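*Asks:* Next comes the sequence, and after it the predicted model I'd like to discuss.
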Amino acid sequence: MPPYSSTTLTTLSIATKSSYKKNGEYVEHVEWHRCVVFAKLGEFAATLKKGAHIQVEGELRSRKYTSTKTNSEQTIWEIRVNSILKLDRAAKAGTEEQDEEEEVAA
């Protein structure tokens, strides 16, 4: 049975952010990606909270549909997710703990 035949389907929007320097100023660029997750992994994806730091792996897919608004064919690009890794915020937690220790020591 193909992995995408399950009835559980979750869609996520994830953002990737980059920045670069232009004329001495930093410019940020944010790109949004539509992710489609199936089966048990889809159930896990549904539990993720907004702002969670994750790493996804999958394949880039395109599909076409006819828009009822413009009556024209549109193409959507999405990531068919094969794995999700929830990234912990250990570095941030370590900094907060260090700050608390410094406050106690003061």
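*Replies:* Thanks, I have the structure now.
*Asks:* what is the mean pLDDT for stretch 13-22?
*Replies:* Here the mean pLDDT over stretch 13-22 is 94, rounded to a whole number.
*Asks:* For the helix or strand where residue 75 lies, which outside residues touch it?
*Replies:* Element membership of residue 75, judged by DSSP states H and E, is strand 73-86. Strand 73-86 is contacted from outside by 4, 12, 33-38, 41, 44-45, 48, 52-67, using CB atoms under 8 Å, 6 or more residues apart in numbering. C-beta here means a position set from N, CA and C on the backbone, and glycine is covered the same way.
*Asks:* how about the helices of this structure, start to end?
*Replies:* Defined through DSSP state H, the helices belonging to the chain, from first to last, are 39-45, 90-105.
*Asks:* Out of those helices, which gets the lowest mean score?
*Replies:* Set side by side, the helices of the chain differ in mean pLDDT, and helix 90-105 is lowest with a mean of 48.
*Asks:* how close does the spatially most central residue of the chain get to residue 34?
*Replies:* Taking CA atoms, centre = their mean as the criterion, residue 14 is the residue nearest the geometric centre of the chain, at 2.8 Å. Using CB to CB, to the nearest Å, residue 14 is found at 8 Å from residue 34.
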